[in-house]
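Engineer: sequence-free structure coming up:
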């Protein structure tokens, strides 16, 4: 996973830090667990992530 990206999480995150963080880039998006940022994560194509978000927003 590209660690040089800036990781962000929602301002709606709960106080226990149990949320997803994203590192959005031009070609890919990184996804990881905020409780374990050094653990495994996912990297997906930016277009695939955009399609996923569009599908869950309806």
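Structural biologist: Yep, it's here. Here the structure is a predicted model, which is why all the values come from computation and not from measurement.
Engineer: need the helices for the chain, in chain order.
Structural biologist: Taking DSSP state H as the criterion, the chain contains helices spanning 46-57.
Engineer: which residues does the spatially most central residue of it contact?
Structural biologist: In the chain, the centroid-proximal residue (CA atoms, centre = their mean) is residue 22; its distance is 2.3 Å. Contacts for residue 22 (CB atoms under 8 Å, 6 or more residues apart in numbering) come out as 7, 8, 9, 29, 30, 31. Heads up, the C-betas are built off the backbone N, CA and C, glycines and all.
Engineer: burial check on residue 19, number of neighbours?
Structural biologist: Other residues near residue 19 number 13, with proximity taken as other CB atoms under 10 Å.
Engineer: what separation do you get for it and residue 27?
Structural biologist: Distance, residue 19 to residue 27, by CB to CB, to the nearest Å: 24 Å.
Engineer: picking that back up, filter the contacts of residue 22 to the buried ones?
Structural biologist: 29, 30, 31 (16 or more other CB atoms under 10 Å).
Engineer: in the sheet, which strands lie alongside the helix or strand bottoming out on mean pLDDT in the chain, parallel or antiparallel?
Structural biologist: Lowest by mean pLDDT, DSSP states H and E among the helices and strands of the chain is strand 8-9, with a mean of 90. Strand pairing for strand 8-9, determined by DSSP bridges: strand 20-24 (antiparallel).
Engineer: just to revisit the earlier point, show me the contact partners of the least confident helix or strand of the chain.
Structural biologist: Contacts to strand 8-9, defined as CB under 8 Å, 6+ apart, come from residues 19, 20, 21, 22, 23, 24, 34.
Engineer: mean confidence for stretch 15-34?
Structural biologist: Across stretch 15-34, pLDDT averages out at 90.
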